[in-house]
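Trainee: I need the structure of the sequence given here:
(2 chains)
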Amino acid sequence: MKYNIPRGTFDILPEDSYKWQFLQDSFRKFAICFGYQEITTPIFEVSELFERSSGESSDVVQKEMYRFCDKKGREFALRPEGTAPVVRSYVENNLDKLSKRSKLFYLGPMFRYDRPQAGRYRQFYQYGIEFIGSNNPYYDAEVIAISMLWLNSLGLNKLRLEINSVGCPDCAVLYDKALQEYYRPFLGKLCPDCQNRFNTNPRRLLDCKVPSCIELRDDAPSQLNYLDEPCEKHFEAVCNYLQAMKIKYIINPRIVRGLDYYTNTAFEIVYEGLGAQNSLAGGGRYNGLIEQIGGKSVPAIGFAGGFERLLIALEEEKINYAEKPKPDAYLVCLGENVRLEVLTYLNDLRIKGLIVDYDPDKNSMKAQFKAADASGAKYAIIIGEDELANKTINLKNLQTGEQIRVAMNAEDTKQRIRAKI
RNA sequence: GUGGGUGUAGUUCAACGGCAGAGCACCGGAUUGUGGUUCCGGGCGUUGUGGGUUCAAAUCCCAUCACCCACCCCA
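Mentor: You can find the predicted model right below:
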């Protein structure tokens, strides 16, 4: 019986895993420099957490969640996104009592039952930041900056940062009304989906890709004209901070976040060349969410980005961001007795942190040297009966061909190899 | 959930009704303790799976599964 990987998932094979490790480490370091700390939550939570936070009407909740019941009939879901679990943990562990601000980041897999497509998977890996505890627009800019500057640091420069403000719930109500007034005369001209959206979620009308709907959209009122004073000031301040940070952006009043919990700032980082799924990262402010799921009213802002799309973009730009790790040395042995006696030395090298490759199945020197070349090892350590008897090794630099005979001493070998790197 | 395209060796692809092949990768060898180049040798793989048409199917038809792309949605 042969088994297939579940649809929409993928294996990260050894030939690629170093890239993932590099990107994950890189993001960790970056976030830490901005004062953020890692938080890791389970990959499943009670379904209700997501239903509450994302909104019952959202696509995520409606059709994309992997749900299951445990033996006691409790209903869980594999997490479709990272913010709700982090906020759950924040509330549950009283992180607000520890400090007024919580600066958190996370990495890990998310799950959505979607039809797979370029840059879209059922299990996908996200990196994200959540800042909880202040409504200061500086933090909006900081979170946006982290997401943008990190991508820049990897060598991605052809990015477009789009920002918008969806206002607070009060503004949203006014804006929804304005939209409905605008669209009402054209109701008959809208696509069936949009006729639905007209009532359930008017702001989604702006997101439609049907040509006739796009045409109508051009003259539709802008959210930005329906912000109350505090929201307008907030948005202006965010823009000012971004300018002060010299981060280029464009204001796109049509950015609508899919999840219900967003307020005020919404942003997206777009990379053309990803196909239809061209959003590398996205996020926004969610001042209402924490209270909504049982905490105090605390303002917060965050974002999440997808590793798969990032990988595609880096590949597309032909950026050499990570180097494949190669062995420091390859051990070439001759003779059965040698193979036995050399093992403590070999283990010592490895314990000391050298990457040493060795293959007991390769007999001839030729085969062993070929393997050494293929592995990309910088040195070969050659040991035969002679060397063993004298407690020495031949250390050969595989690039220059230079070879020296030195003591069989792991520490000494390590020093010599490190010195020449 | 809806459309379109594609499934042949580990991989990239040929063969397009008539004997299933090549490049790359992989393994071994070229006088027994020194590699990268070169040369030689090594391939029966349920042609994704199951049916059907035909004297004959990788090839045509149907179904199914998987992948890719798009709608939708978003990371």
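
Trainee: Could you pull out the buried residues of the helix or strand harbouring A:Lys370?
Mentor: In the assignment (DSSP states H and E), A:Lys370 maps to helix A:365-375. Neighbour counts over helix A:365-375 (16 or more other CB atoms under 10 Å) mark A:368-369, A:371-372, A:375 as buried. All C-beta atoms are positioned from the backbone trio N, CA, C, and that covers glycine.

Trainee: Equivalent analysis for stretch A:50-60, please.
Mentor: A:50-55, A:58, A:60.

Trainee: Please apply the same query to stretch A:296-309.
Mentor: Across stretch A:296-309, burial judged by 16+ other CB under 10 Å covers A:298-309.

Trainee: Break chain A into its domains for me.
Mentor: Segmentation of chain A into domains, based on automatic domain parsing, reads A:14-168+A:228-316, A:329-419.

Trainee: out of these, deepest packed?
Mentor: Mean neighbour counts were compared across the domains of chain A using mean count of other CB atoms under 10 Å; the top stretch is domain A:14-168+A:228-316, at a mean of 18.

Trainee: A:Glu215: neighbouring residues, count only.
Mentor: Using other CB atoms under 10 Å as the criterion, A:Glu215 is surrounded by 11 other residues.

Trainee: Next: A:Asn199.
Mentor: 8.

Trainee: What sits closest to A:Leu259 if chain neighbours are left out?
Mentor: Leaving aside its sequence neighbours, A:Leu259 sits nearest to A:Ser54 (CB to CB, 6 or more residues apart in numbering; 4.7 Å).

Trainee: same question, A:Gln277
Mentor: A:Gly119 (3.7 Å).

Trainee: Just the CA coordinates for stretch A:77-94, please, in PDB.
Mentor: Listed next in PDB are the C-alpha coordinates belonging to stretch A:77-94 (Å, rounded to 0.1, in the frame of the first residue of the first chain):
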ATOM      1  CA  ALA A  77     -10.700  23.300  15.200                       C
ATOM      2  CA  LEU A  78      -7.200  23.300  13.800                       C
ATOM      3  CA  ARG A  79      -6.200  27.000  14.000                       C
ATOM      4  CA  PRO A  80      -7.000  28.900  10.800                       C
ATOM      5  CA  GLU A  81      -5.000  31.900  11.900                       C
ATOM      6  CA  GLY A  82      -2.700  33.000  14.700                       C
ATOM      7  CA  THR A  83      -4.200  36.000  16.300                       C
ATOM      8  CA  ALA A  84      -7.100  34.500  18.200                       C
ATOM      9  CA  PRO A  85      -5.000  31.800  19.900                       C
ATOM     10  CA  VAL A  86      -2.400  34.400  21.000                       C
ATOM     11  CA  VAL A  87      -5.100  36.700  22.400                       C
ATOM     12  CA  ARG A  88      -6.700  33.700  24.100                       C
ATOM     13  CA  SER A  89      -3.400  33.000  25.800                       C
ATOM     14  CA  TYR A  90      -2.900  36.600  26.600                       C
ATOM     15  CA  VAL A  91      -6.200  36.700  28.400                       C
ATOM     16  CA  GLU A  92      -5.900  33.300  30.000                       C
ATOM     17  CA  ASN A  93      -2.500  33.900  31.400                       C
ATOM     18  CA  ASN A  94      -3.200  37.400  32.500                       C
END
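
Trainee: Give the rounded mean pLDDT of it.
Mentor: Per-region confidence: stretch A:77-94 scores 96 on mean pLDDT.

Trainee: rewinding a little: pipe the domains of chain A into CSV and attach distance to RNA strand B per row.
Mentor: Converted to CSV, the domains of chain A look like this (distance: least, CB to the nearest atom of the strand, whole Å):
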stretch, distance to RNA strand B
domain A:14-168+A:228-316, 1
domain A:329-419, 3
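
Trainee: quick one: which of those domains is nearest A:Arg7?
Mentor: Proximity to A:Arg7 (CB to CB) singles out domain A:14-168+A:228-316 among the domains of chain A, at 6.5 Å.

Trainee: Could you tell me the end-to-end distance of that closest one?
Mentor: Domain A:14-168+A:228-316 has its terminal residues 21 Å apart, counting by CA to CA, to the nearest Å.

Trainee: Tell me who's in contact with the nearest residue to A:Asp193 once chain neighbours are set aside.
Mentor: Spatial nearest neighbour of A:Asp193, excluding adjacent residues (CB to CB, 6+ apart): A:Cys208 at 6.8 Å. Counting by CB atoms under 8 Å, 6 or more residues apart in numbering, A:Cys208 makes contact with A:191, A:193-194, A:197, A:214, A:217.

Trainee: Over to A:Arg160: give its phi and psi.
Mentor: Main-chain dihedrals, A:Arg160, degrees, to the nearest 10: phi -120, psi 120.

Trainee: need the contact list for it.
Mentor: For A:Arg160, the contact set (CB under 8 Å, 6+ apart) comprises A:250, A:269-272.

Trainee: Mind checking which of these land in strands?
Mentor: Counted as lying in strands by DSSP state E, out of the contacts of A:Arg160, are A:250, A:269-270.

Trainee: before we move on, the earlier item: what is the nearest of the contacts of A:Cys208 to RNA strand B?
Mentor: A:Asp193 (6.3 Å; CB to the nearest atom of the strand).

Trainee: doesn't the closest one fall inside a helix?
Mentor: Yes - per DSSP: H, G, I helix; E, B strand; the rest coil, A:Asp193 lies within a helix segment.

Trainee: Surely the residue nearest to A:Gln277 touches A:Tyr271?
Mentor: No - assessed by CB atoms under 8 Å, A:Gly119 is found out of contact with A:Tyr271, at 9.9 Å.

Trainee: Need the overlap of contacts for those two.
Mentor: Contact criterion CB under 8 Å, 6+ apart; residues shared by A:Gly119 and A:Tyr271: A:278, A:309.

Trainee: Quick check: next helix or strand after the single longest helix found in chain A?
Mentor: What stands out as the longest helix in chain A, according to DSSP state H, is helix A:14-33. Per DSSP H and E, the first helix or strand lying C-terminal to helix A:14-33 is strand A:37-38.

Trainee: which strands and helices sit next to that next one?
Mentor: strand A:102-111 (3 or more CB pairs under 8 Å, 6 or more residues apart in numbering; DSSP states H and E).

Trainee: tell me how far the helix or strand that the strand it packs on is followed by is from the chain's mean position?
Mentor: Sequence order places strand A:123-132 as the next helix or strand after strand A:102-111, per DSSP H and E. Centroid displacement of strand A:123-132 relative to its chain, using CA atoms, centre = their mean, to the nearest Å, is 6 Å.
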